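Chemist: Mind folding the following:
(one chain, ligands or ions: 2)
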Amino acid sequence: MAAAVEAAADPRPFGSSRQDLLMTSESAAQQEKHPGPRLREARMHLHNPADPGTGVVVSSELCTKGKSASCVRHIVVDVSQSRLSGAFLSGQSFGVLPPGNDAKGRPHQVRLYSIAAPTTGEDGDGRHVSTTVKRTVDEHWESHKLFLGVASNYLCDLQVGDSVRITGPSGKRFVLPANPQDHDYLFFATGTGIAPFRGMLLDLLRPKAGPPCKGRMALLMGVPYEMDLLYDGLFTDLAREHDNFRYHTAFSRHAQADMNRTLYVQQRLEAQRDELSAMLASPRTLIYICGIVGMEVGIFQSLARILPPEALEQYLSIAPEVRGSIDSWTRVMVNRQIKPTRRVFTEVYS
Ligand SMILES: Cc1cc2nc3c(=O)[nH]c(=O)nc-3n(C[C@H](O)[C@H](O)[C@H](O)COP(=O)(O)OP(=O)(O)OC[C@H]3O[C@@H](n4cnc5c(N)ncnc54)[C@H](O)[C@@H]3O)c2cc1C
Ligand SMILES: NC(=O)c1ccc[n+]([C@@H]2O[C@H](COP(=O)([O-])OP(=O)(O)OC[C@H]3O[C@@H](n4cnc5c(N)ncnc54)[C@H](OP(=O)(O)O)[C@@H]3O)[C@@H](O)[C@H]2O)c1
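Modeler: Numbering: from 1, shown residues only. Ligands and ions are numbered 1, 2, ... in the order given. Model prediction:
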């Protein structure tokens, strides 16, 4: 609804104005000034829905910090009998084909799940992939009867030893750079958007071969309540083990231990600005954003509030007419008037 209202309010939903053209050449120059890193090479679509592979569930465990109202499971799948074996990267997704048909009698469509495992898999040899699945459970918005999402509940119901039809891997842009030591990293996650960052941080800090990455890293993780935190023990341990990794949380529905108010991840960024500004000013830094759609707007607004222009332009190319109205930025403006540079990686979903 909000997107529709924004679209209706936009006077130029189609085509491009002179301002757009100016913006295009300006942001092209900016992309050249702030080029993105060379990324790890991703293999894609080794199985598709017409030719799925078969995985076998190795384990399935709740991964919330406490007794959360949400059911979120860390599910490990043995893909050694499929073409995904040894062929995925952290940050990519894989597909799940639930059995059965939809209400129209057609086979259920594939659903994507972010890989939560490091590139070497949970087993160290790329044979065990994992993901972070939240059960979709709600009241149906018309009938008010129980609404259960098909694939998330199918996956969460699976038992150890059960088979599952898989596709993928998918995605080639939301991955780590080919030379990880050359960069610093700021990761923003909301809810299950943490999945790819679990894999990436394990790649960076607990690599199977070679030393851990020495670059600076910060993870800003947002959830409704503290008990909804995912993999909290792992990230706390990583922060304790590595001076170059900071782990910050934001609770949206109750006060934080250090502040008497609720926070979204972008407000956590503003709260930690003294600690994170130097890293954000560095030309080494990459920003990764994953989770709920819309979070990128708030993060861009916070970056614009806390960074001086020369630091900000490393991440965003902002059209002159919206530079002075940060509080009014909307999703419709992103990629038109507020263009992330190639140093920003965004994967958000409703
Ligand atoms: C690249 C990518 C990566 C993803 N990674 C993850 C991940 O790591 N973990 C994760 O949990 N999810 C992830 N998702 C989301 C995932 O693909 C599924 O969309 C999600 O699990 C819901 O699927 P489902 O089959 O359970 O629900 P569905 O059966 O598909 O139901 C959801 C749909 O039903 C409708 N609906 C929702 N609520 C209601 C309601 N109350 N009443 C009526 N209709 C309703 C909506 O149209 C919604 O799209 C990812 C998505 C993408 C695109
Ligand atoms: N690769 C991907 O694309 C990928 C991977 C995994 C998950 N996802 C998506 O990520 C979403 C995560 O949902 P979830 O149910 O797991 O999360 P959740 O537990 O509900 O947590 C989401 C958190 O984000 C907050 N939030 C809401 N709007 C925000 C905004 N505009 N800016 C910043 N924070 C905001 C929420 O606060 P309040 O609710 O209190 O307002 C809540 O604290 C889902 O939509 C999922 O499909 C995408």
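
Chemist: what secondary structure does residue 203 sit in?
Modeler: When classified by DSSP: H, G, I helix; E, B strand; the rest coil, residue 203 comes out as helix.

Chemist: correct me, but it touches residue 118?
Modeler: Yes - Residue 203 is within contact range of residue 118, at 4.7 Å (criterion: CB atoms under 8 Å). C-betas here are computed from N, CA, C, even on glycine.

Chemist: Give me the common contacts of those two.
Modeler: residue 90 (CB atoms under 8 Å, 6 or more residues apart in numbering).

Chemist: okay, now residue 274: neighbour count?
Modeler: 8 (other CB atoms under 10 Å).

Chemist: For the residue of the stretch 51-200 of the chain found nearest ligand 1, grab phi and psi.
Modeler: Using CB to the nearest ligand atom, residue 149 is the residue of the stretch 51-200 of the chain that sits closest to ligand 1, at 2.2 Å. Main-chain torsions, residue 149, degrees, to the nearest 10: phi -60, psi 140.

Chemist: How about residue 188?
Modeler: According to degrees, to the nearest 10, residue 188 has phi -120, psi 130.

Chemist: Quick check: closest non-adjacent residue to the closest residue to ligand 2 within the stretch 151-300 of the chain.
Modeler: Nearest residue of the stretch 151-300 of the chain to ligand 2: residue 191, at 2.0 Å (CB to the nearest ligand atom). Distances taken as CB to CB, 6 or more residues apart in numbering place residue 291 nearest to residue 191, at 5.6 Å, with adjacent residues excluded.

Chemist: in the sheet, who's paired with that neighbour?
Modeler: Judged by DSSP bridges, the bridge partners of residue 291 are residue 348.

Chemist: Okay, the residue of the stretch 151-300 of the chain closest to ligand 2 and residue 133: tell me how far apart.
Modeler: 11 Å (CB to CB, to the nearest Å).

Chemist: Out of those two, name the residue with the larger neighbour count.
Modeler: Ranked by neighbour count (other CB under 10 Å), residue 191 and residue 133 place residue 133 first, with 28 against 21.
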